[in-house]
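Asker: What shape does this take:
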Amino acid sequence: MTAGHHDPIPFHRPSIGDREIAAAIEVLQSGWLTTGARGQALEAAVADRVGVGHALAVNSGTAALHLALDAWGIGPGDDVVIPTYTFTSCGEVCAYLGARVVLADVADDALMGPAQLESVMTASTRAVMPVHFAGQAADVDGLRGVAPDARFLEDAAHAFPATAGGIPTGRLGDAAALSFYATKTMTTGGEGGMLLTNDAAVADRARMMRLHGISADAWNRYGAGGRWAYEVGEAGYKYNLTDLAAAIGLVQLDRLDALTAARTAIASRYDALLGGSQLVNLPPRRDGDQHAWHLYVVRLQPEALSIGRAEVIEQLAHAAIGASVHFIPLHLHPYYQRQYGYAPGDFPVAERIFERSLSLPIWPDMSMAQVDRVAATLLEICDAARLPAEV
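Answerer: Sure, this is the predicted structure:
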């Protein structure tokens with residue numbers, strides 16, 4: 001297994017073609033680069049696809065999370081519950097507003113469920129942030145039953161498009177955040193996101209706060225028929241999405257079903273190739289839901305191997321195959337330990353999943369030959385490190 005024998009298989013490669021390039025060039029030649037008509041078109045198209053009343057284009061999924069909490073008035077004295085098994089953006093946006101981050105463990109499927117939420121609820125819980133991990137939607141309805149008075153903000157960064165019980169992610173909570181980062185199923189050219197909601201008041205507040213808290217964006221001030229005057233209503237943020245990014249996003253949105261089908265086919269191929277192994281467990285998924293397959297996360301069986309996950313990743317890299325780990329639980333990071341008093345051992349299920357998890361390459365333009373090579377190499381590494389069975 002030497003790198004010289006094969007072309008590298010990166011962990012991710014965006015699917016950008018001639019249509020995206022042409023759309024970007026058209027904007028560059030138009031004389032209008034920042035937020036404008038293409039951003040509005042992307043908002044309308046995503047809102048129509050998901051079936052929500054309001055979609056606001058922003059420069060990241062993190063920005064969308066922040067704007068939603070801000071619009072709900074979340075601040076000091078409020079608790080926001082998030083699963084520890086997620087990326088730090090979920091926690092940091094709570095800290096921006098002075099709210100207390102309350103971490104919860106996850107179930108064996110890597111999702112926060114009703115039992116995990118119930119165990120950390122407090123009288124100050126005002127918002128809950130379900131994370132749709134890897135492309136599998138969380139059970140938002142079940143969570144609502146535990147916290148009927150809380151606001152629910154879906155972190156759907158991994159899960160567009162996905163469904164739970166036939167309902168699209170983005171419509172399961174009171175608001176939702178999408179990510180159009182480079183690795184996601186659709187991208188707006190590297191960075192980007194969207195806030196979804198049916199609440200007009202939330203949308204109005206977020207629309208103002210995403211651009212410095214002013215009453216009119218540049219398109220409304222300098223576009224045809226625009227007015228130069230504006231008012232600063234709040235100390236807002238710089239979260240708007242450019243037309244250059246939105247133009248790429250419009251093409252990607254048009255391709256979304258094809259991009260999702262490609263990811264699903266790759267996941268099915270991995271399932272078939274890895275499903276018979278006793279050393280590698282397949283990713284969990286819920287029957288009847290549409291999985292977005294943003295990530296394909298297998299779980300190794302470290303008690304049966306003579307090497308650890310880090311060595312497996314190193315050997316994959318030696319074979320010119322990229323791999324990653326999602327995620328290091330938040331309670332294991334210095335900030336969350338220092339700020340909130342969390343410590344290793346607090347959330348054992350999340351720690352056990354983390355210690356075993358390995359994310360394999362899954363991107364739309366992967367060939368089946370590449371998928372086969374990834375699976376075969378992983379199995380070869382694990383089989384070579386298999387410990388003798390106890391007699």
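
Asker: Run through the strands of the stretch 101-250 of the chain in chain order.
Answerer: 125-128, 151-155, 163-164, 167-168, 175-179, 193-197 (DSSP state E, counting those that start in this stretch).

Asker: what packs against the first one?
Answerer: Contacts of strand 125-128 with other secondary structure elements, assessed using 3 or more CB pairs under 8 Å, 6 or more residues apart in numbering; DSSP states H and E, are made with strand 79-83, strand 151-155. No exception for glycine: its C-beta is placed from N, CA and C like everyone else's.

Asker: can you list those strands in CSV and add mean neighbour count?
Answerer: Converted to CSV, the helices and strands packed on strand 125-128 look like this (neighbours: other CB atoms under 10 Å):
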stretch, mean neighbour count
strand 79-83, 25
strand 151-155, 25
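
Asker: Go through those and name the closest to residue 124.
Answerer: Relative to residue 124, the nearest member of the helices and strands packed on strand 125-128 by CB to CB is strand 79-83, separated by 4.3 Å.

Asker: Show me the helices in the stretch 201-350 of the chain, by range?
Answerer: 218-222, 243-254, 256-274, 309-318, 334-340, 348-356 (DSSP state H, counting those that start in this stretch).

Asker: Looking at stretch 200-208 now, give me its mean pLDDT.
Answerer: Stretch 200-208 shows a mean pLDDT of 97.

Asker: Just the buried residues of stretch 331-340, please?
Answerer: For stretch 331-340, the neighbour count (16 or more other CB atoms under 10 Å) marks 331-332, 336 as buried.

Asker: which outside residues touch it?
Answerer: By CB atoms under 8 Å, 6 or more residues apart in numbering, the list of residues contacting stretch 331-340 from outside reads 84, 88, 91, 95, 100-101, 103, 330, 342-344, 346-347, 350-351, 354.

Asker: And the buried ones among the residues you listed, selectable in PyMOL?
Answerer: To isolate the buried members of the contacts of stretch 331-340 in PyMOL, using 16+ other CB under 10 Å:
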select buried, resi 84+88+91+95+100+101+103+330+342+346+347+350+351+354
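
Asker: Select, out of the helices of the stretch 201-350 of the chain, the one closest to residue 183.
Answerer: Nearest of the helices of the stretch 201-350 of the chain to residue 183, taken as CB to CB: helix 256-274 at 11.3 Å.

Asker: Which secondary structure elements does the closest one sit against?
Answerer: So helix 256-274, by 3+ CB pairs under 8 Å, 6+ apart, packs with strand 296-300, helix 368-384.

Asker: Could you dump the ones you listed into TSV with distance to residue 49, mean neighbour count and mean pLDDT added?
Answerer: Below are the helices and strands packed on helix 256-274 laid out as TSV (distance: least, CB to CB, whole Å; neighbours: other CB atoms under 10 Å; pLDDT from 0 to 100):
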stretch	distance to residue 49	mean neighbour count	mean pLDDT
strand 296-300	24	23	98
helix 368-384	28	17	98
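
Asker: follow-up on the earlier one: arrange the strands of the stretch 101-250 of the chain in JSON lines, one row each, with mean pLDDT as further columns.
Answerer: Output for the strands of the stretch 101-250 of the chain, formatted as JSON lines (pLDDT from 0 to 100):
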{"stretch": "strand 125-128", "mean pLDDT": "98"}
{"stretch": "strand 151-155", "mean pLDDT": "98"}
{"stretch": "strand 163-164", "mean pLDDT": "98"}
{"stretch": "strand 167-168", "mean pLDDT": "98"}
{"stretch": "strand 175-179", "mean pLDDT": "98"}
{"stretch": "strand 193-197", "mean pLDDT": "98"}
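
Asker: For residue 72, find the nearest of the ones you listed.
Answerer: strand 151-155 (5.3 Å).

Asker: Okay, angle between that closest one and strand 193-197 too, please.
Answerer: Relative orientation of strand 151-155 versus strand 193-197 (axes from the mean of the first three to the mean of the last three CA atoms, to 10 degrees): 150 degrees.

Asker: Can you spell out which helices and strands pack onto strand 151-155?
Answerer: Strand 151-155 packs on helix 61-71, strand 125-128, helix 140-146, strand 175-179, going by 3+ CB pairs under 8 Å, 6+ apart.

Asker: Strand 151-155 and the longest one, what's the angle between them?
Answerer: The one in question is helix 61-71. Using the same axes, to 10 degrees: helix 61-71 against strand 151-155 is 170 degrees.

Asker: residue closest to the middle of the protein?
Answerer: residue 157 (2.6 Å; CA atoms, centre = their mean).

Asker: Report pLDDT for that one.
Answerer: The predicted local confidence for residue 157 is 98.

Asker: Fine by me, thanks again.
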